[in-house]
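Colleague: pasted the sequence and its predicted model underneath.
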Amino acid sequence: MEYAIGVAAAIAVGLFASVIGFDKERSFYPVVLIVIAILYLLFAAIAGSPESLVAESIPALLFVVTATLGFRKTPWLVVVGLALHGVFDFIHHVVITNPGVPIWWPGFCLTYDITAAVYLAALILVRRSSNATSPLA
């Protein structure tokens, strides 16, 4: 069930951002990636686990750097960051012990991240092929 909800949520957020115009701003998807990256820090804080908080800080920082570079250089780095965060969700439990992560979170976040990456990639390609003047192009 968490997989279906992750896909539906990413599509809903993507469509909402496109209809409203949020994603016309170059910063929208990098900010989404940053928020996604820091949620594991939130789970560590909720669990009261300083060890998990420190361990989660390293990958979170890498995703924040990827989002920043994607904002500055090319949105394709944000696509890669979202997709890699999906992979990270899949292996997270193997590399980091975080007692605050809900049991359903890895599946939800995995499908959200991959779907959001595909949506952003499609958005970039559509906007470039239509020669739209967009910050994403």
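Modeller: Perfect, I can see it now.

Colleague: count of residues packed around Y3?
Modeller: 14 (other CB atoms under 10 Å). All C-beta atoms are positioned from the backbone trio N, CA, C, and that covers glycine.

Colleague: so who does it touch?
Modeller: Contact analysis of Y3 by CB atoms under 8 Å, 6 or more residues apart in numbering lists G107, F108, L110, T111.

Colleague: how about TSV for these, with secondary structure and distance to Y29 added?
Modeller: Formatted as TSV, these follow (DSSP: H, G, I helix; E, B strand; the rest coil; distance: CB to CB, whole Å):
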residue	secondary structure	distance to Y29
G107	helix	22
F108	helix	19
L110	helix	18
T111	helix	17
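
Colleague: what's the closest of those residues to I96?
Modeller: Proximity of the contacts of Y3 to I96 (CB to CB) peaks at L110, which lies at 15.0 Å.

Colleague: what distance do you get for that closest one to F90?
Modeller: Between L110 and F90 the computed distance is 5 Å (CB to CB, to the nearest Å).

Colleague: what about those two, which has more around it?
Modeller: The neighbour comparison of L110 against F90 (other CB under 10 Å) goes to L110, with 21 against 15.

Colleague: can you tell me the closest non-neighbouring residue to the more buried one?
Modeller: Among residues not flanking L110 along the chain, D89 sits closest, at 4.1 Å (CB to CB, 6 or more residues apart in numbering).

Colleague: now do that neighbour against G48, distance only.
Modeller: Look at D89 and G48: by CB to CB, they are 22 Å apart.

Colleague: which of those two has more neighbours?
Modeller: D89 (23 against 10).

Colleague: wait, the more buried one touches V101, no?
Modeller: No. Using CB atoms under 8 Å, D89 makes no contact with V101, being 9.6 Å away.

Colleague: phi first, then psi, for L41.
Modeller: Note on L41: its backbone torsions stand at phi -70, psi -40 [degrees, to the nearest 10].

Colleague: how about the contacts made by the residue nearest the centre of the chain?
Modeller: Residue closest to the average C-alpha location in the chain (CA atoms, centre = their mean): L33, at 3.7 Å. Counting by CB under 8 Å, 6+ apart, L33 makes contact with F63, T66, A67, G70, V78, G81, L82, H85.
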